[in-house]
Structures are given as C-alpha cells and as structure tokens.
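Peer 1: coords please:
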Amino acid sequence: MTIRKKIFLLAGILLALFGVVVGVLAVIQKLDSDQIGNIVEYELPLTRLVAEIDVDTDRYELGILRALRLDPLNPPELAAAISTKQAMTEELRTDVDKATALLAKAIQDPSYQTTERIELARIEGSFKYLSRSLEEFLATGELTMAALADGRREDARTASLGFSKFAQAFGPDLSEIRRSLASLTDRATRTVLARQRLNTYLSFGLFLAACGIGLGISAVGSARVVGGLRQLVVRTRAIESGTDSEPLSILTRDEVGELALSFNRMVEELRSRERIKDTFGKFVDPRIVTRLIGSGAEQAERRTLTIFFSDIKDFSGISEQLTASAVVNLLNSYFGTVADVIHAHHGFIDKYIGDAVMAFWVSPFSAGDDHASDACLAALAQQDAITLLRAQLPEITGMRRNPPKLAIRMGIATGEAVVGTIGSDAARSYTVIGDTVNLASRLESINKLYGTSLILSEETYRIAQQVVEARELDLITVAGKTEPVRIFEAMGRVGELEPERIQLREMFSDGLASYRRQDWDEAQGCFERCLLHDAEDGPSRLFVDRVCQLRSIPPPAGWDGVWHFSEK
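Peer 2: Here you go, the predicted structure:
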C-alpha cells in the first residue's frame with residue numbers, strides 16, 4: 001500500500017469517527033432543541049398567563065370593593081366601575097381559555113416525556129377546578145355590581161362577602177400551579193445543561209480517539225516507510241559533509257521511490273553547478289549567500305541604507321602593551337562580541353580593517369526604513385556589550401593588573417550607496433561604496449575631537465529618532481566634502497535617558513543656539529554650565545575652546561555656523 005493510500009485510510013477512519021460522534025451530538029442537540037422549544041412555546045407562556053390571572057382576580061375584586069366604598073356613588077363613577085369590571089371579566093376568561101388550550105396542546109405534544117405529561121395533566125386538573133371557580137367568582141362580582149347599580153348598597157355589601165370563599169382558589173392554589181410550572185421549567189433547563197456537558201465530553205473524547213487512532217496508524221505506517229528514508233538521510237548527511245555524492249538506488253515505486261529519484265536529480269544538479277561551492281567560498285554571511293544564490297552573484301544596485309564604522313580608541317597604544325597572542329585574543333573577543341550584536345539587529349559585517357569594523361543595514365533584511373533604527377540600536381547594544389567585555393579583559397589579555405581600557409568610537413550615516421558584488425573572478429566581496437560610506441567613516445573619526453563615542457548623521461537621526469535619544473552637536477563639513485552635515489550624538493534609547501542627561505542636552509542646545517547667533521558670552525556661559533553639570537562632557541569642552549577662539553578671531557560676515565574639517 002502506498003503512503004498516499006495509507007493517508008487516505010487514516011483520513012477515512014477519522015472521518016467515520018467524526019460522523020458517528022457528530023450524529024450522536026445531533027441527536028442530543030435535537031433533544032435539547034425540543035426541550036427549549038417546550039419551554040418557550042408552553043411553559044413560559046403558561047407561567048405568564050397564570051401570573052396574569054392571579055393579578056387580574058385581585059384587581060377585579062379590589063375594583064368592586066372600591067366602588068362599594070364610594071358614598072355617594074354618582075352615575076359616571078358607577079358607569080366607569082361597570083366598564084372596568086366587564087373589561088376585566090373578558091380578559092380573565094380569555095387568559096383562562098388560552099391557558100386551557102396551551103395545557104391541552106402540551107399534553108399531546110410528543111416531545112414531552114411521560115413523566116412530564118403526567119405533571120402537565122395534574123396541572124391541567126388543578127386549572128380546570130380553578131376555571132370553574134372563576135365563573136362563580138365573576139358571578140359574585142356581577143351580583144354585587146347589579147345591586148349597587150339598583151341603589152341597594154346593603155345588598156351589594158352582602159353579595160361582596162361571597163368573594164371570601166375564593167381566597168383559597170385564587171391564592172395558594174394558583175401559587176401552587178405557578179410553582180409546578182416553574183419546577184417543570186427548572187428540570188428541563190437542568191436537563192439541557194447536562195446534555196451540553198455531555199456534548200463537551202464527547203468532543204473531548206473525539207479528540208482523544210482521533211489522536212490515539214492517528215498515532216497508532218502513523219506508527220505502523222512509519223515503521224514501513226522509515227527504512228527507505230534512513231538511507232536517504234545517510235546519503236544526505238554524506239553530501240552535506242562533502243564526502244559522498246553517489247546517487248541512491250531506487251527500489252520502490254511509492255512516494256519514497258519518487259523522493260529518491262528527486263534526490264538523485266538534486267545530486268546531478270549540484271555536480272553541474274560548481275559555482276555554488278565558489279559562492280560559499282566567497283561570502284560569509286548566510287543571508288547574503290541565500291540572496292545571491294537566489295538572484296545570481298553578479299548584481300549591484302543603488303539603495304538607501306545605513307553604514308556603520310567603529311574603531312578601538314588608542315588601539316596602537318594598547319597593542320604595544322600586549323603580546324602578539326594577547327592582541328589576537330583581544331581582537332577575536334571584541335570582533336566576536338560586536339558581530340553577534342550586529343547580526344542580532346539584522347546587520348551585516350562588511351569587513352574588518354585592523355581594529356575597525358565596517359557594517360551596513362539594508363532592506364529587505366531590515367524592513368522599510370528600519371535600517372537606521374536597527375543600526376542605532378545595534379550601536380547602543382555594542383556599548384553595553386563592551387562594558388561587559390571590559391570585566392573579562394584580565395583573562396583575555398593575561399594582564400591581571402592594569403588591563404587595557406577598551407573604549408570604542410562609532411559613526412553612523414544614512415543615505416544612498418551602491419550595494420553589490422565587487423572583485424575579481426577569483427575572489428569577490430559583497431560590499432557598499434559611495435559618499436555615505438565615506439561620511440560614516442569621517443563621523444567615526446571626529447568622535448576624538450568632540451570627546452564622544454557615537455555620532456549620527458542628520459538623516460540617520462531623522463529616521464531613527466523614535467528609538468534613540470540624541471543631541472545635536474554641530475553643523476560641519478567633513479574632509480573632502482563641501483556640503484554641510486548636521487551631526488548628533490546618540491545618548492541612549494528612547495525613554496531610558498536619565499533626568500541629568502536630559503538637562504545637559506537642553507543646556508547644550510541653548511548654548512548651541514547662542515553660538516550660532518554669535519552671542520559668545522551667552523554661549524560660553526551655557527557651555528560652562530554644562531561642564532559644571534558634567535565635567536567630562538567633551539562637546540561642551542570643545543565649544544568653550546571654540547568660543548574663545550572665535551571671540552578673538554571673529555568669523556567672517558555672513559558666517560552660517562558651519563565648522564569645516566580639513567583632516568580625515
């Protein structure tokens with residue numbers, strides 16, 4: 001039997017089981033529907049009619065007794081009392097007739113069980129006695145009102161005393177009928193709820209039965225199929241390790257045989273496409289490899305993306321203190337730490353340049369404009385990771401005393417660049433080139449001038465401001481460029497900035513505004529207050545020195561506040 005037939009057999013058994021249970025559930029549902037229908041069609045209307053009869057008999061009697069107390073009784077009041085009495089007489093007889101008809105119909109309804117019909121017959125007997133009493137009750141009212149209409153008030157009072165003999169019929173007896181109807185409704189409701197619980201248990205039982213049958217048949221069927229698949233798994237692992245690529249022998253004509261045939265075709269395709277091996281040798285990141293295999297290795301396109309550069313502060317001085325193996329251990333630990341963070345935030349390591357790292361973020365790996373946000377969050381996460389790495393430096397470098405101080409400078413820029421495969425036929429690199437790359441590199445370098453660790457371009461901050469807190473540093477032109485760029489220092493994630501840092505940012509912003517207005521006294525005062533707030537704030541120290549310089553050598557007329565850097 002083929003795998004397909006086994007699957008169909010399993011499905012047939014499960015469908016049959018479902019059919020049986022659905023049939024049982026349908027029968028139970030029909031019983032529930034009948035009982036709910038009886039409640040709605042008979043029991044609730046009967047309860048309402050009995051309640052109305054109870055209320056209306058009281059109103060009928062009270063209306064006549066109220067008319068007796070009127071002295072003198074004028075013709076309009078008498079006419080109104082007679083009219084009310086007649087209306088209530090018709091209403092009482094109508095309600096009794098409806099109730100009698102409903103009881104007779106309910107007793108004949110086959111949806112009621114025998115015990116319920118017996119109960120309804122008992123109620124019907126009580127109600128017949130009540131209906132006979134009703135006519136006598138109404139006759140007493142007629143007699144009273146007739147005497148009152150003739151002006152025989154004493155005869156009317158004597159006739160009204162006849163109401164007392166109906167107190168039992170329209171009091172406790174009527175209440176007993178209502179209680180019997182309520183009990184009947186309550187039992188029916190409880191029965192429906194019990195059947196609903198049964199439905200739940202049956203559904204759960206169906207699930208367990210389906211699991212048991214499915215797992216049992218699957219176990220039997222898989223035992224016959226797994227033998228052929230094991231050989232396929234062994235050969236697949238062999239090809240994965242590169243030790244064997246021999247085709248499989250096709251011994252059956254079932255689905256396993258078809259799978260073996262497809263496997264052999266795959267082996268042939270692998271042999272004819274040796275370029276896949278070359279691709280795996282040229283590219284490191286598996287996401288890039290997958291993309292290039294799917295679309296071809298020869299590709300280049302202009303995209304909007306985010307570039308990241310980082311460098312270890314004073315790495316030359318650090319390396320002079322370490323042995324060669326310690327330097328390698330330090331770099332390997334550092335690169336491993338930052339690479340994990342960059343990959344976790346959808347970024348790509350472009351290259352390692354000595355102790356520097358170049359990375360980039362681009363769609364579709366970062367959705368939409370998230371490339372800027374991902375890059376900023378990755379940079380902040382790297383700072384946290386470097387803080388943890390510093391605690392391990394004594395073990396990494398072997399320097400138990402005075403281990404090196406590891407600090408990182410980073411620059412991030414967003415803009416257009418060319419992304420693609422560049423290189424020779426022997427070796428290629430998936431990389432990024434363009435002005436945005438140069439700008440990110442320059443921003444990383446000028447951290448040393450501002451005393452900062454992470455500088456963003458204006459476009460980066462514009463896109464990523466929903467996830468990163470930053471302060472504007474300056475308006476500059478970097479070496480080799482004439483177009484001014486507004487730069488920002490990343491200070492932390494949104495919502496995580498301490499109040500002291502927020503206050504520092506506001507004071508620095510006031511100083512920067514005064515600086516651009518050439519209000520040197522106000523600017524110097526603001527930046528000096530920043531240093532009182534944080535003596536280690538590099539940008540404030542830089543602007544204090546710059547204000548002193550501009551005070552002694554004022555800028556030319558029409559100065560736009562741009563600071564020009566001529567060195568890389």
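
Peer 1: Provide a list of residue ranges in the stretch 101-250 of the chain with pLDDT below threshold.
Peer 2: With pLDDT under 70 as the threshold, the stretch 101-250 of the chain has low-confidence stretches at 169, 210, 214, 217-218, 220-235, 238-250.

Peer 1: Where do the helices of it begin and end?
Peer 2: According to DSSP state H, counting those that start in this stretch, the stretch 101-250 of the chain carries its helices in the segments 114-149, 153-160, 174-241.

Peer 1: Leu9 is nearest to which of those helices?
Peer 2: Comparison of the helices of the stretch 101-250 of the chain against Leu9 by Cβ to Cβ identifies helix 174-241 as nearest, at 7.4 Å. C-beta coordinates here come from the backbone N, C-alpha and C atoms, glycine included.

Peer 1: For Leu406, see how far away Ala378 is.
Peer 2: Computed with Cβ to Cβ, to the nearest Å, the distance linking Ala378 and Leu406 is 18 Å.

Peer 1: Neighbour count for those two, which is higher?
Peer 2: For Ala378 versus Leu406, neighbours defined as other Cβ atoms under 10 Å are more numerous around Ala378 (24 against 21).

Peer 1: How about that one, nearest residue that isn't a chain neighbour?
Peer 2: Computed as Cβ to Cβ, 6 or more residues apart in numbering, the closest residue to Ala378 that is not its neighbour in sequence is His345, at 3.7 Å.

Peer 1: Let me see the contact set for that neighbour.
Peer 2: Listed by Cβ atoms under 8 Å, 6 or more residues apart in numbering, the contact partners of His345 are Trp361, Asp374, Ala375, Leu377, Ala378, Ala381.

Peer 1: For those, which entry has the maximal number of neighbours?
Peer 2: Most surrounded of these: other Cβ under 10 Å gives Ala375, at 32 neighbours.

Peer 1: Leaving out the residues flanking it, which one is nearest to that residue?
Peer 2: Leaving out its chain neighbours, Ala375 is closest to Thr306 (Cβ to Cβ, 6+ apart), at 4.2 Å.

Peer 1: for the one you found, phi and psi?
Peer 2: As for Thr306, its main-chain torsions (degrees, to the nearest 10) stand at phi -130, psi 130.

Peer 1: Can you tell me how far it is from Leu542?
Peer 2: When Cβ to Cβ is the yardstick, Thr306 and Leu542 sit 26 Å from each other.

Peer 1: More neighbours: the two, which one.
Peer 2: Neighbours around Thr306 and Leu542, counted as other Cβ under 10 Å, are more numerous at Thr306. The numbers are 33 against 18.

Peer 1: and that one, what is it in contact with?
Peer 2: Thr306 makes contact with Phe360, Trp361, Val362, His371, Ala372, Asp374, Ala375, Ile412, Ala413, Thr414, Thr460 under the criterion Cβ under 8 Å, 6+ apart.

Peer 1: Okay, and the beta partners of it?
Peer 2: Trp361, Thr414 (DSSP bridges).

Peer 1: same thing with Val432?
Peer 2: According to DSSP bridges, the partner residues bridging Val432 are Val419.

Peer 1: pLDDT score for it?
Peer 2: Per-residue confidence for Val432 comes out at a pLDDT of 92.

Peer 1: before we move on, back to that, got the phi and psi for the residue nearest to Ala378?
Peer 2: Backbone phi and psi, for His345 under degrees, to the nearest 10, turn out to be phi -110, psi 30.

Peer 1: can you tell me how far it sits from Gly336?
Peer 2: Distance check for His345 against Gly336: by Cβ to Cβ, it reads 16 Å.

Peer 1: ditto for Arg93
Peer 2: Separation of Arg93 from Gly336 (Cβ to Cβ): 98 Å.

Peer 1: Ok, Asp56 next?
Peer 2: On the measure of Cβ to Cβ, Asp56 and Gly336 end up 92 Å apart.

Peer 1: Among these two, which residue is more densely surrounded?
Peer 2: Asp56 (16 against 12).

Peer 1: got a list of what that one touches?
Peer 2: Met88, Glu91, Leu92, Asp95.

Peer 1: same deal with Ser514?
Peer 2: Trp520, Glu522, Ala523, Cys526.

Peer 1: same check, this time on Ser310
Peer 2: Applying Cβ under 8 Å, 6+ apart to Ser310 gives the contacts Val338, Ala356, Val357, Ala379, Gln382, Ile408, Arg409, Met410, Gly411, Glu444.

Peer 1: let's see 6 Å
Peer 2: With Cβ atoms under 6 Å, 6 or more residues apart in numbering as the criterion, the residues that contact Ser310 are Val357, Ile408, Met410.

Peer 1: ditto for Asp95
Peer 2: Residues near Asp95 by Cβ under 6 Å, 6+ apart: Leu49, Glu52, Ile53.

Peer 1: Distance of the spatially closest residue to the first one that is not a sequence neighbour relative to Tyr60?
Peer 2: What sits nearest to Leu49 in space, not counting adjacent residues and going by Cβ to Cβ, 6+ apart, is Ala99, at 4.4 Å. With distances taken as Cβ to Cβ, Ala99 is found 17 Å from Tyr60.

Peer 1: List phi and psi for the residue lying farthest from the centre of the chain.
Peer 2: The centre of the chain is farthest from one residue, Arg152, which by Cα atoms, centre = their mean lies 83.8 Å away. For Arg152, the backbone dihedrals are phi -90, psi 80 (criterion: degrees, to the nearest 10).

Peer 1: And the strands in the stretch 351-500 of the chain?
Peer 2: If DSSP state E, counting those that start in this stretch is used as the criterion, the strands of the stretch 351-500 of the chain fall at 356-361, 408-423, 428-433, 454-457, 468-477, 485-493.

Peer 1: Indicate which one of these is closest to Phe127.
Peer 2: Each of those was scored for nearness to Phe127 using Cβ to Cβ, and the closest is strand 485-493 (78.9 Å).

Peer 1: Which other helices and strands does that closest one contact?
Peer 2: strand 454-457, strand 468-477 (3 or more Cβ pairs under 6 Å, 6 or more residues apart in numbering; DSSP states H and E).

Peer 1: if you set the cut-off to 7 Å instead, what comes out?
Peer 2: Contact partners of strand 485-493 among helices and strands, from 3 or more Cβ pairs under 7 Å, 6 or more residues apart in numbering; DSSP states H and E: helix 370-390, strand 454-457, helix 458-464, strand 468-477.

Peer 1: coming back round to it: per-residue confidence for the residue nearest to Ala375?
Peer 2: So, for Thr306, pLDDT stands at 96.

Peer 1: With Arg237 as the reference, measure out to Val267.
Peer 2: Val267 sits 13 Å away from Arg237 when distances are taken as Cβ to Cβ.

Peer 1: Now tell me which helix or strand of the chain has the poorest mean pLDDT.
Peer 2: Least confident helix or strand of the chain, by mean pLDDT, DSSP states H and E, is helix 275-282 with a mean of 50.
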